[in-house]
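Novice: have a look at this prediction, sequence included:
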There are 2 protein chains.
Amino acid sequence: MKENGKVTIYDISKKLNISAATVSRALNNNPKISSKTRELVFAAAKEMNYKQNRLAQALKSGKSKNVGIIVPYINRNFFSSIIRGIEEELGPHGYHVIICQTHEQMETEVEQINTLLNTQVDGIFMSISKSTNNIDHFKKVLEEGKSLIFFDRKLDVPGVSSVVIDDFKAGYMATEHLISQGCKRIAHFAGDLNLEIYKNRYGGYIKALEDNGMKPNPDHVFTTLSSVESGSAAAAKMWELKEKPDAVFSASDYTALGAIQELKKLGVNIPEDFCISGFSNEPFTKYMEMPITSVDQTPLRMGKIAAQVFLEQVDSTQKLTIEKKVVLSPELMVRNSSDRSLRKLAVK
Amino acid sequence: MKENGKVTIYDISKKLNISAATVSRALNNNPKISSKTRELVFAAAKEMNYKQNRLAQALKSGKSKNVGIIVPYINRNFFSSIIRGIEEELGPHGYHVIICQTHEQMETEVEQINTLLNTQVDGIFMSISKSTNNIDHFKKVLEEGKSLIFFDRKLDVPGVSSVVIDDFKAGYMATEHLISQGCKRIAHFAGDLNLEIYKNRYGGYIKALEDNGMKPNPDHVFTTLSSVESGSAAAAKMWELKEKPDAVFSASDYTALGAIQELKKLGVNIPEDFCISGFSNEPFTKYMEMPITSVDQTPLRMGKIAAQVFLEQVDSTQKLTIEKKVVLSPELMVRNSSDRSLRKLAVK
DNA sequence: CCTTTCGCTGTAATCGATTGCACTAAAATA
DNA sequence: TATTTTAGTGCAATCGATTACAGCGAAAGG
């Protein structure tokens, strides 16, 4: 009782002179147990401060009620918001979330998956690392009968569900918005085009131009890393062009910020002479003196929906692999960096 | 072998016609096993794709190799960075981190602690919620022989280690910096003074004033919530004073930002007429057009050190409760919102 | 040649909870 | 009264890995 905080059903059974099986059944509200016994057991359990050992239960049942989440880095607003969404949706169902980071290394990713499987998680949520180019480790998860769910960054693996935003549409929306502001020569700061998400943003950008009768200009597309420095460098290069763009759709908020800083130095008026849209709706975008237009990926919602997909899968009795692909609609947050209507109103 | 991805040491023992005990010993490199057998076992394990079941091992050993982390919200840069630090330090030692959120509710906090204990975590890291006013649930953790470590927001509980920054010193440093910039009437935007951290920041502020021969003025202290709105409201009120302050040390970056926005509206020149320092070094502070001076709490380091304290405790064979209190030094990030030296140089 | 020692392996219990099956008494039915 | 239900419990195996203890064969010592 006072030993080490370790009270088991055996301790209860001894005290009550009944079998451990009866105690277990009583605690689980098994209808075969008389209400009298049940009450005795509950009273004793409370008095002795009994706590169920979830490890033992997990071992017996084969369900640990733990899920793993693997992301490149935890402390990125986008990822931590998704994690929050998953936790909030799964917590009430008795699940705990175990967090892992890959640091963008596929090697680490493989390792993390292995140890999560060893730990007997009931499922794995993840966003693949930039360097991931092989899907064997994902297949292993499925072979063990666990569900695997990709969010945001994914690869096509049969049997794996995914929750992503429509990056193509996002690119399209952002570009079209810039067009609606009267911009005629729209540039693009692209990310790593090997990643599906960046490819799609780029694709949406191109399509929006074409649909509006504008000819995409390869000189207006700059490959960048997701950093402020990379953004200002690209902006500087962009401004050396003979035919200068009058807007940029950036696949990252950081490059958008870098561009703004650089263009201000160059004396460009935003949004009068140049409009900018970023991507991700990072917290800082709305706090700037010149708030930055950006695409919100609704990470909290993404996390919650990924969790719901998982719950559907574990609840379903059918063993056959269900594969669900959810594509969420992004939301364009129009702000000063691209909103000319505010200025026009002010002029009136 | 192909059943359900479930290969156990028994499967290996059958295939090799040896006992499971031998397999277990071989896998654990027990010196009593002949190297010949060991090699056979390793070969078979690899071939059959054996994976150790950490649940079973945890149940037997009483060590789950899991730790819990409880924070108000995961998706706050400060907390997610601490979590990252803990994960990076503990991961290589074979630990997994389980994340929980309290949403600032003590009731949830108690619940989370209970389920973490049920899950047999080896230790718990946490930052208490704002509403926590009772320490019974913390005592329970110690009674079960698990180590408990507070980071940042703590309460004094015997036997509980903690890793915090020196908020008093931080308040002192920030205030003294403002004084060094020539400010004479320094205000303070305080947080909830029931929390130790805010009380200490306030204390450091007062002491710095006194040490510099300035008389603290109660009218210059405003209680705020950690939000932009609260900051601008406080700034507006502040500007109604007859004796207007010429600087503010804000206990939150968000209120600092709100103040900057409000003061700009009022036509105040920063930092020429008014200096501002925030607190937490939120990512946005350095991205602003007017980057905000702020106190960096070095959350990554805080997480890593908390993890080290934990490791020391589990490694120590002595059962006696070790209690370690680590106080880290904050770092003041001086930026434009309070740095007049830049302007003076420019004038020259 | 017999006994002791050492090296290696097997047996069985254990961690804590769950559950199919068997069993006992009381209640219902014939 | 004899027999069948039924309600309520207990027994024992199980999940997978670990480990104290026992045991066995071979080499070493007497």
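Specialist: Thanks, I have the structure now.
Novice: hang on, residue A:73 packs against residue A:100?
Specialist: No - between residue A:73 and residue A:100 there is no contact under CB atoms under 8 Å: 10.8 Å. The way it works is simple: take the backbone N, C-alpha and C, and place the C-beta from them, glycine included.
Novice: which one of these two is surrounded by more residues?
Specialist: Remark: of residue A:73 and residue A:100, residue A:100 carries more neighbours, 22 against 17, as counted by other CB atoms under 10 Å in any protein chain shown.
Novice: so is the more buried one in a helix, a strand, or just coil?
Specialist: Put simply, residue A:100 is strand when judged by DSSP: H, G, I helix; E, B strand; the rest coil.
Novice: what's near enough to touch the residue lying closest to it once chain neighbours are set aside?
Specialist: Leaving aside its chain neighbours, residue A:100 sits nearest to residue A:112 (4.1 Å; criterion: CB to CB, 6 or more residues apart in numbering or on different chains). Contact partners of residue A:112, counting by CB atoms under 8 Å, 6 or more residues apart in numbering or on different chains, are A:68, A:70, A:100, A:101, A:102.
Novice: try 10 Å this time
Specialist: Residues in contact with residue A:112, defined by CB atoms under 10 Å, 6 or more residues apart in numbering or on different chains, are A:68-71, A:98-102, A:105, A:124, A:126, A:129, A:137, B:91, B:96.
Novice: how close does it sit to DNA strand C?
Specialist: From residue A:112 across to DNA strand C, the span is 26 Å (CB to the nearest atom of the strand, to the nearest Å).
Novice: pull out the buried positions in the helix or strand hosting that residue.
Specialist: In this assignment (DSSP states H and E), residue A:112 forms part of helix A:106-118. Buried residues in helix A:106-118, counted by 16 or more other CB atoms under 10 Å in any protein chain shown: A:106, A:108, A:109, A:110, A:112, A:113, A:115, A:116, A:117, A:118.
Novice: mind listing the helices for the stretch 101-250 of chain A?
Specialist: Applying DSSP state H, counting those that start in this stretch to the stretch 101-250 of chain A gives helices spanning A:106-118, A:136-143, A:167-180, A:196-211, A:228-238.
Novice: most packed of these?
Specialist: helix A:167-180 (a mean of 23; mean count of other CB atoms under 10 Å in any protein chain shown).
Novice: and the residue nearest to residue A:100, what's its pLDDT?
Specialist: pLDDT, residue A:112: 96.
Novice: one more: residue A:152?
Specialist: pLDDT for residue A:152: 95.
Novice: report how many residues lie close to it.
Specialist: 23.
Novice: so it versus residue A:90, what's the distance?
Specialist: Counting by CB to CB, to the nearest Å, the separation of residue A:152 from residue A:90 is 18 Å.
Novice: swap in residue A:174?
Specialist: 32 Å.
Novice: what's the answer for residue A:184, then?
Specialist: From residue A:184 across to residue A:90, the span is 48 Å (CB to CB).
Novice: what of residue A:15?
Specialist: Applying CB to CB, the value for residue A:15 to residue A:90 is 36 Å.
Novice: which of the two has more neighbours?
Specialist: Taking other CB under 10 Å, residue A:15 and residue A:90 do not tie; residue A:90 has more neighbours (26 against 16).
Novice: need the three-state assignment for the closest residue to that one other than its chain neighbours.
Specialist: Of all residues not flanking residue A:90 in the chain, residue A:307 sits nearest, at 4.9 Å (CB to CB, 6+ apart). Applying three-state DSSP to residue A:307 yields a three-state assignment of helix.
Novice: for residue A:307, list the residues it contacts.
Specialist: A:67, A:82, A:85-91, A:93, A:95, A:97, A:123, A:125, A:149, A:151, A:163.
Novice: do the same with residue A:65
Specialist: Here residue A:65 is in contact with A:54, A:57-58, A:90, A:93-96, A:120-122, A:314, B:115, B:118-119 (CB under 10 Å, 6+ apart).
Novice: mind doing that once more with 6 Å?
Specialist: Counting by CB atoms under 6 Å, 6 or more residues apart in numbering or on different chains, residue A:65 makes contact with A:94, A:95.
Novice: gap between it and residue A:189?
Specialist: Distance of residue A:65 to residue A:189, given as CB to CB: 43 Å.
Novice: TSV for the buried residues of helix A:106-118, including distance to residue A:252?
Specialist: Below are the buried residues of helix A:106-118 laid out as TSV (distance: CB to CB, whole Å):
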residue	distance to residue A:252
A:106	22
A:108	23
A:109	22
A:110	27
A:112	25
A:113	27
A:115	31
A:116	29
A:117	33
A:118	36
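Novice: just those now: which is nearest DNA strand C?
Specialist: Distance to DNA strand C across these (CB to the nearest atom of the strand) is lowest for residue A:118, with 16.4 Å.
Novice: touching, the closest one and residue B:54? I think so.
Specialist: Yes - Residue A:118 is within contact range of residue B:54, at 4.7 Å (criterion: CB atoms under 6 Å).
Novice: only alpha carbons, please: show stretch A:257-269 as PDB.
Specialist: Listed in PDB are the C-alpha atoms of stretch A:257-269, where the atom choice follows Å, rounded to 0.1, in the frame of the first residue of the first chain:
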ATOM      1  CA  LEU A 257      10.200  39.400 -45.500                       C
ATOM      2  CA  GLY A 258      13.700  39.400 -46.900                       C
ATOM      3  CA  ALA A 259      12.400  40.800 -50.200                       C
ATOM      4  CA  ILE A 260      10.500  43.500 -48.400                       C
ATOM      5  CA  GLN A 261      13.600  44.600 -46.500                       C
ATOM      6  CA  GLU A 262      15.700  44.600 -49.700                       C
ATOM      7  CA  LEU A 263      13.100  46.500 -51.700                       C
ATOM      8  CA  LYS A 264      12.700  49.100 -49.100                       C
ATOM      9  CA  LYS A 265      16.400  49.700 -49.200                       C
ATOM     10  CA  LEU A 266      16.100  50.100 -52.900                       C
ATOM     11  CA  GLY A 267      13.400  52.700 -52.400                       C
ATOM     12  CA  VAL A 268      10.500  50.700 -53.800                       C
ATOM     13  CA  ASN A 269       7.000  51.600 -52.500                       C
END
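Novice: quick one: contacts of it?
Specialist: Around stretch A:257-269, the neighbours that count as contacts under CB under 6 Å, 6+ apart are A:228, A:231, A:232, A:235, A:236, A:239, A:248, A:274, B:287.
Novice: can you name the two of these that are farthest apart?
Specialist: Pairwise distances across those (CB to CB) peak at 21.0 Å, for the pair A:239 and B:287.
Novice: show me which of these two is the more surrounded one.
Specialist: Legend: neighbour count by other CB under 10 Å for residue A:239 and residue B:287, higher for residue B:287 (23 against 16).
Novice: isn't the more buried one right next to residue A:286, touching?
Specialist: No - assessed by CB under 6 Å, residue B:287 is found out of contact with residue A:286, at 11.6 Å.
Novice: what about chain A, any weak spots by pLDDT?
Specialist: By pLDDT under 70, the weakly predicted segments of chain A are A:1-5, A:317-321, A:342-348.
Novice: which parts of it belong to which domain?
Specialist: Using automatic domain parsing, the domain ranges for chain A come out as A:9-52, A:62-164+A:299-327, A:167-297+A:333-347.
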